[in-house]
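Chemist: based on what follows, work out the 3D shape:
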Amino acid sequence: MLVLGALALAAVLVLLALYVRRAVLQRDGGFDMCVRADSHDGWAGGWAFGIGRYRRDTLEWFRTFSFTTWPKRTFRRTELAVERRREPDAEETYELPAGHVVLICTTRDGTVEVSMTDAAATAFLAWLEAAPPGGQFVG
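Modeler: All right, here's what the predicted structure looks like:
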């Protein structure tokens with residue numbers, strides 16, 4: 001009985017830690033953002049859920065279910081361009097949160113797809129276009 005109580009307490013502490021981490025990231029201007037990329041960085045396949053956060057000229061992306069305090073991916077504004085925008089296909093509507101749109105982006109390392117709400121996508125495009133002179137514009 002003591003072991004089950006300890007396991008339940010550990011599970012509650014893990015969930016609490018994830019909740020607090022998410023709250024801190026959201027408080028610092030974070031927004032829900034899913035990412036799907038090629039396998040060159042070790043995590044290919046479906047959509048990965050996370051939180052995006054703007055920091056000056058970078059967009060940091062943190063996995064939702066992780067305890068790390070550093071971003072899993074960092075996108076530099078000068079190396080990022082949006083190719084096109086689309087609605088999730090039939091299969092993706094089951095994988096992505098409701099109301100998300102998909103943006104196909106090109107980076108220095110290749111193509112990456114990001115998914116976010118329509119309002120977050122508008123803010124993302126405004127952030128890209130607000131680059132200082134000499135930066136890359138949305139294509």
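Chemist: for the helix or strand that contains residue 20, packing partners?
Modeler: If you go by DSSP states H and E, residue 20 is part of helix 2-27. Under the contact criterion of 3 or more C-beta pairs under 8 Å, 6 or more residues apart in numbering; DSSP states H and E, helix 2-27 touches strand 48-55. In this view, the C-beta of every residue, glycine as well, is placed from N, C-alpha and C.
Chemist: what pairs with the strand it packs on, and is each one parallel or antiparallel?
Modeler: strand 31-37 (antiparallel), strand 58-63 (antiparallel) (DSSP bridges).
Chemist: can you give the contact residues for that strand?
Modeler: For strand 48-55, contacts defined as C-beta atoms under 8 Å, 6 or more residues apart in numbering pick out 22, 25-26, 28-36, 59-65, 71-72, 114, 116, 120, 124, 127.
Chemist: and if you look at stretch 96-105?
Modeler: With contact meaning C-beta under 8 Å, 6+ apart, stretch 96-105 is reached by 32, 34, 47, 75, 80-88, 92, 111-118, 121, 124.
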